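Colleague: Predicted model, plus sequence, below.
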Amino acid sequence: MLRFFKVSSLFCMAISGTFAQNIKNNPTSNHGNKFEQLGTILPTANEYRTASGAPGSKYWQQKADYNIEATLDEKNLMLIGKEQVTYTNNSPDKLNYLWMQLDENQHDPKADNNFFDNNKMSPPMDYNAVKAMEVNETLKGLGDQILAVTDEFGKPLKFTINQTMMRVDLPKTLNPGSKVKFNVKWQYKIGNRMEVGGRGGYEFFKEDGNHLFTMTQWYPRMCVYSDFQGWQNKQFTGRGEFALAFGDYTVKMTVPADHMVCATGECQNYAQVLTPTQMARWNKANMNYSDVTEIVTLEECAAAEKNKSAATKTWIFKADSVRDFAWGSSKKFMWDAIPIKVENKKVMCMSFYAKEAAGLYRRYSTKTVAHTIKTYSKYTIPYTYPVAQSVEASNGMEYPMICFNFGRTEKDGTYTEGTKYGMLGVIIHEVGHNFFPMIINSDERQWSWLDEGLNTFMQFITEQEFDNNYPSNRGPAHKMVDYMRLPKDQLEPIMTNSENINNFGANAYGKPCTALNILRETVMGRELFDFAFKQYCNRWAFKHPTPADFFRTMEDASAVDLDWFWRAWFYDIEPVDVSIDSVKAYTFVNNKEVPVKIDTMRIFPKAKDFEFVSKIRNKEAGIKFLVDVDTTLRDFYYHYKPETRSGVEKKAVNRYENIEAVSDSAFETVKGKYNYEIYFTNKGGCVTPLIIQWNFKDGTSEIDRVNAYIWRKNEKNVVKTYSKNKEVASILLDPYKETCDIDEKNNTWNIKEPVSRFDIFKGKTVGRGQSTGGNPMQKAKAK
């Protein structure tokens with residue numbers, strides 16, 4: 001939807017969304033020179049947001065403070081609450097109404113989001129699939145019930161509910177620099193999130209008859225009113241996440257007395273809600289920087305699961321300068337903690353988990369939280385909050401100072417390697433969201449990639465510093481090749497609006513993560529990238545950045561012209577596919593330099609022989625990997641090494657089998673030099689740097705790197721000539737697979753393609769089981 005903004009100079013931001021959509025609808029169209037500046041695609045700089053990417057001299061943002069009281073009725077699965085909101089208008093505009101978000105109405109049976117996606121029967125249809133189609137029955141009774149909206153003196157205010165949005169009409173205009181206080185009373189039936197979906201709700205454990213509650217998007221929350229789009233009141237459909245204002249929170253939660261509560265912020269009354277023994281452990285944990293301290297043990301949880309208390313306790317939490325508040329409550333929670341220091345400020349890293357996850361979480365979770373906070377603080381901004389928590393809840397979702405993750409063992413306590421790394425990855429990712437978007441507070445509903453993509457990129461860095469052999473699913477460029485190979489009508493620009501993305505995981509997480517890794521390792525280099533990335537984080541901490549602010553800051557702080565890169569990776573869909581078309585060697589004939597024709601052969605480099613560039617550079621940088629610093633994190637899977645084929649030597653770079661050079665007589669030296677002219681074609685359309693590896697006949701190799709600007713005058717074909725001191729046996733383009741090239745088969749020169757298993761099979765049979773006779777390997781080679 002094209003939106004017209006109040007600030008006319010920022011109308012171009014809407015245009016940029018249309019531009020991206022046009023590319024999606026017509027991906028083969030020519031958009032002009034790929035190296036032209038983005039120009040009017042970006043919004044015009046102004047006094048709120050500068051052309052350098054920094055907040056302007058008159059930058060402003062609103063503030064929303066909350067005082068909330070909530071009661072969890074476990075027996076009836078209800079949440080009853082009331083809140084007072086203090087809203088400060090820091091804008092230059094007069095406001096006659098306010099908008100609030102009622103995200104729980106996502107589960108209202110009448111909500112549009114339950115009906116506007118395609119669905120079809122895909123046999124076999126099981127019970128759960130059929131039940132999911134019975135929306136009115138599945139979601140019966142769910143959704144927010146707004147009981148009252150009043151001013152600070154209790155006088156009713158007019159309000160209007162439009163699905164997940166509520167407009168509160170003010171009795172008088174809220175002028176710039178003024179505040180207004182108002183109250184909201186509400187309640188809703190808590191849904192079983194394992195059945196109806198969503199981020200908040202409860203999980204029921206049949207074995208012991210207990211619940212685990214994750215209370216998220218649980219109270220009416222203020223929408224963002226900003227300089228670049230006015231009210232962000234786009235409906236919540238379950239995908240595009242949140243745009244929220246910063247504020248200070250005081251929250252009182254009344255829950256069953258046998259529950260443990262974890263929440264955003266710091267608890268103000270542990271002495272009243274914990275047992276003396278637990279309180280003593282908490283005090284010990286605050287002083288024990290050397291190891292994780294258990295505060296609630298497995299034995300205490302097992303005992304609590306057997307009984308149900310009719311009494312209640314009220315937990316009080318406070319959190320300042322946060323954009324949201326979430327909490328968990330259950331009698332099943334174990335709890336452990338360890339403090340760390342971030343620039344001499346103490347941060348309590350904690351985990352809450354049921355016995356079903358104890359085998360993994362007790363060993364890994366809290367230490368992973370600490371590692372994440374330290375690593376992100378090193379590359380972004382120092383973590384500013386006093387707490388960071390990981391809660392096992394069989395899902396993955398993030399909120400300030402608290403996140404919900406997964407990772408449970410089998411009943412016998414064992415776990416697979418996939419479960420372990422899946423758990424570590426989701427903990428790192430969700431804890432990392434404390435930085436993007438909880439502190440660097442972008443609009444997730446408009447641009448998912450600006451928090452998910454940046455966070456996934458930092459997740460990759462953190463995983464690689466956990467263990468240099470960490471099997472990261474996203475980050476290395478070669479991991480995105482399969483997606484980029486898709487037909488163009490299945491691809492879409494990163495700048496696509498959150499609600500309109502088809503392949504959400506690839507486009508909002510994987511592709512921007514890959515793009516940033518290419519930017520860091522291949523285009524800019526680590527030193528320039530890391531400085532500029534930090535500048536962006538520092539400029540926009542506790543503010544509302546947009547994509548233009550990110551793009552501009554990265555250029556402003558590095559002196560690297562990146563408009564071609566943003567155009568290629570964020571606004572377009574063309575893939576990288578550069579081919580080596582031919583190579584000519586030159587010699588002198590009759591005192592004239594003439595080309596000597598050389599036949600070429602190719603190979604598809606094998607993944608087993610590959611080590612991506614980030615791993616190599618981390619070793620060179622002397623990174624201290626967490627599994628080496630803390631060897632208690634080494635489990636069976638760390639020590640277990642699957643068998644490899646005997647006789648295959650693993651080397652650091654470019655180990656390819658069956659390399660056969662052309663005849664020595666094809667190369668001639670000119671004044672002690674060997675001269676080569678390489679012809680490249682940009683088949684994919686996305687301009688990219690050239691990384692050329694020369695493999696010499698003496699067994700050595702070297703790499704030349706060419707800036708992407710080589711394509712600026714001819715985006716289709718380029719030629720590069722080199723003079724080498726040694727004779728070249730073969731040439732390989734993109735040896736570390738760092739550019740996301742979708743066709744590696746055309747990246748080589750003078751390397752013979754090895755015999756594949758399929759070729760061997762074809763050599764054994766002709767037609768229906770007729771043997772060819774002879775040696776199948778020889779026949780395949782002969783072809």
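Modeller: Received it, and whenever you're ready, just let me know what you need.
Colleague: helices and strands around the helix ranked longest in the chain, which ones?
Modeller: Longest helix in the chain, counting residues (DSSP state H): helix 358-379. Judged by 3 or more C-beta pairs under 8 Å, 6 or more residues apart in numbering; DSSP states H and E, helix 358-379 is in contact with strand 334-342, strand 345-353, strand 387-392, helix 417-432, helix 449-466, helix 526-540. C-betas here are computed from N, CA, C, even on glycine.
Colleague: Surely L174 touches S91?
Modeller: No. With contact defined as C-beta atoms under 8 Å, L174 does not count as touching S91 (9.6 Å).
Colleague: Can you tell me how far V369 is from G141?
Modeller: Distance of V369 to G141, computed by C-beta to C-beta, to the nearest Å: 36 Å.
Colleague: Which helix or strand contains S579?
Modeller: If you go by DSSP states H and E, S579 is part of strand 578-589.
Colleague: Walk me through which strands that strand pairs with, and which way each runs.
Modeller: Under the criterion DSSP bridges, strand 578-589 sits next to strand 592-596 (antiparallel), strand 674-682 (antiparallel) in its sheet.
Colleague: distance between the longest one and the chain's centre?
Modeller: Between the centre of strand 674-682 and the centre of its chain there are 38 Å (C-alpha atoms, centre = their mean, to the nearest Å).
Colleague: I'd like the mean pLDDT over it, please.
Modeller: For strand 674-682, mean pLDDT is 95.
Colleague: got it, and the first one?
Modeller: What strand 592-596 shows for mean pLDDT is 51.
Colleague: Other residues contacting stretch 290-302?
Modeller: With C-beta atoms under 8 Å, 6 or more residues apart in numbering as the test, stretch 290-302 has contacts from 260, 274, 278, 281-282, 284-285, 331-338, 354-355, 358, 362, 366-367.
Colleague: Can I get it as PDB, trimmed to CA atoms?
Modeller: In PDB, the C-alpha atoms belonging to stretch 290-302 read as follows (Å, rounded to 0.1, in the frame of the first residue of the first chain):
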ATOM      1  CA  SER A 290      33.200 -17.500  37.900                       C
ATOM      2  CA  ASP A 291      30.400 -20.000  37.300                       C
ATOM      3  CA  VAL A 292      26.600 -20.300  36.900                       C
ATOM      4  CA  THR A 293      24.700 -20.500  40.200                       C
ATOM      5  CA  GLU A 294      21.400 -22.400  40.500                       C
ATOM      6  CA  ILE A 295      18.700 -20.400  42.300                       C
ATOM      7  CA  VAL A 296      15.800 -22.800  41.800                       C
ATOM      8  CA  THR A 297      16.800 -26.400  41.400                       C
ATOM      9  CA  LEU A 298      15.400 -29.400  39.600                       C
ATOM     10  CA  GLU A 299      14.400 -31.000  42.900                       C
ATOM     11  CA  GLU A 300      12.400 -27.900  43.900                       C
ATOM     12  CA  CYS A 301      10.600 -27.800  40.500                       C
ATOM     13  CA  ALA A 302       9.800 -31.500  40.700                       C
END
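Colleague: buried stuff in it?
Modeller: 292-297, 300-301 (16 or more other C-beta atoms under 10 Å).
Colleague: when you check those against the strands, which ones overlap?
Modeller: Judged by DSSP state E, the subset of these located in strands is 293-296.
Colleague: got those as TSV, with pLDDT columns?
Modeller: Formatted as TSV, these follow (pLDDT from 0 to 100):
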residue	pLDDT
T293	98
E294	98
I295	98
V296	98
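Colleague: In contact with D112, which residues?
Modeller: 163, 235, 237.
Colleague: which residues sit in contact with T173?
Modeller: 94-96.
Colleague: So it versus R221, what's the distance?
Modeller: In this view, T173 and R221 are 23 Å apart by C-beta to C-beta.
Colleague: circling back to that earlier point, for the ones in strands among the buried residues of stretch 290-302, which one is nearest N502?
Modeller: Nearest to N502 among those, counting by C-beta to C-beta, is V296 at 43.7 Å.
Colleague: can you pull up the bridge partners for the closest one?
Modeller: Beta-bridge partners, per DSSP bridges, of V296: W335.
Colleague: just for the stretch 1-150 of the chain, where's the confidence low?
Modeller: Residues of the stretch 1-150 of the chain that meet the criterion pLDDT under 70 lie in 1-32, 114-115, 127-133.
Colleague: Ok, the stretch 201-350 of the chain next?
Modeller: Checking the stretch 201-350 of the chain against pLDDT under 70 turns up nothing.
Colleague: So which residues of it form strands?
Modeller: With DSSP state E, counting those that start in this stretch, the ranges of strands along the stretch 201-350 of the chain come out as 201-205, 210-215, 221-222, 225-226, 230-231, 247-256, 260-263, 266-267, 293-296, 312-322, 327-330, 334-342, 345-353.
Colleague: what number of residues lie near the nearest residue to P386 once chain neighbours are set aside?
Modeller: Nearest residue to P386 in three dimensions, chain neighbours excluded: E266, at 5.7 Å (C-beta to C-beta, 6 or more residues apart in numbering). Counted with other C-beta atoms under 10 Å, the neighbours of E266 add up to 16.
Colleague: do the same with S448
Modeller: Neighbours around S448, by other C-beta under 10 Å: 26.
Colleague: The one 10 residues further on too?
Modeller: Neighbourhood size, M458 [other C-beta under 10 Å]: 26.
Colleague: gap between it and P512?
Modeller: Applying C-beta to C-beta to M458 and P512 gives a distance of 12 Å.
Colleague: and what of N695?
Modeller: Taken as C-beta to C-beta, the span from N695 to P512 is 34 Å.
Colleague: same check, this time on A559
Modeller: In terms of C-beta to C-beta, A559 sits 23 Å off from P512.
Colleague: Having no further points to raise, I will conclude here.
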